[in-house]
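Peer 1: Just to be clear, the model below is a prediction. Sequence and coordinates:
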Amino acid sequence: MYSVTIQGKTYQLNFPEATVVHANKYNGSVGIYIWHLFGSNAYQDVVFKLKNTQKDVPLTLTNGDLPLYTTQQVKLICLDDLVVGYVDVQSNRYHYLNRNFLRLLGIGSNLPIAFLMLAILLVILSFLIPGEYQQDTLLSTFLLCILFVIYRFLHNKWIERLLDKALQ
């Protein structure tokens with residue numbers, strides 16, 4: 001049993017054996033219908049059956065290109081009771097079900113809202129500030145959004161490397 005500490009919270013890493021009993025890939029749009037005109041997302045419905053308890057674990061994945069098929073033997077990668085990936089028993093390769101570990105673990109779930117509120121406040125202030133400082137405020141809003149995307153990317157990569165190290 002291996003433990004991983006993320007943001008001060010310790011998670012137990014365990015690998016229950018399972019069988020894929022259902023794997024279905026499909027495309028769909030998210031949210032407003034018009035977004036479908038610009039692109040769609042690949043989804044995958046998967047049901048794992050745990051070997052030790054015969055319990056079904058249904059998941060809908062937004063990463064629809066994972067190599068999963070029915071009757072495949074896998075070991076799930078779980079942080080406590082949360083499934084974050086799987087190891088294909090036959091090829092001994094592991095795959096993560098989702099690359100956004102921050103959202104999956106519920107870490108910083110209020111961060112996007114805080115950044116959005118701050119960005120909206122800066123845009124409102126940019127219209128209230130006359131003249132030359134208006135462009136500076138809009139630029140700082142853009143930079144704030146870029147910093148948030150970079151922070152989220154780096155933090156997710158850090159968690160992924162931490163899990164990679166544990167899986168070696």
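Peer 2: Yep, that arrived. Numbering: from 1, shown residues only.
Peer 1: Would you mind splitting this protein into its domains for me?
Peer 2: Domain ranges of the chain: 2-98, 101-168, per automatic domain parsing.
Peer 1: ends of the shortest one, how far apart?
Peer 2: What it means is domain 101-168. Distance between the two ends of domain 101-168: 19 Å, counting by Cα to Cα, to the nearest Å.
Peer 1: average pLDDT across it?
Peer 2: When pLDDT is averaged over domain 101-168, the result is 76.
Peer 1: Please apply the same query to the first one.
Peer 2: Rounded to a whole number, the mean pLDDT of domain 2-98 is 82.
Peer 1: Now do it: distance from first to last residue.
Peer 2: Domain 2-98: ends 21 Å apart by Cα to Cα.
Peer 1: Kindly list the main-chain dihedrals of the most centrally placed residue in the chain?
Peer 2: The C-alpha lying nearest the average C-alpha coordinate of the chain belongs to Asn100 (Cα atoms, centre = their mean; 2.2 Å). Per-residue torsions, Asn100: phi -100, psi 80 (degrees, to the nearest 10).
Peer 1: Hmm, Asn156 and it touching each other?
Peer 2: Yes: the criterion here is Cβ atoms under 8 Å, and Asn100 meets it with Asn156 at 6.1 Å. C-betas here are computed from N, CA, C, even on glycine.
Peer 1: does Arg103 sit in a helix, a strand or a coil?
Peer 2: At Arg103, secondary structure determined by DSSP: H, G, I helix; E, B strand; the rest coil is helix.
Peer 1: What are the boundaries of the helices in the protein?
Peer 2: Counting by DSSP state H, the chain has helices at residues 35-38, 101-105, 111-128, 133-167.
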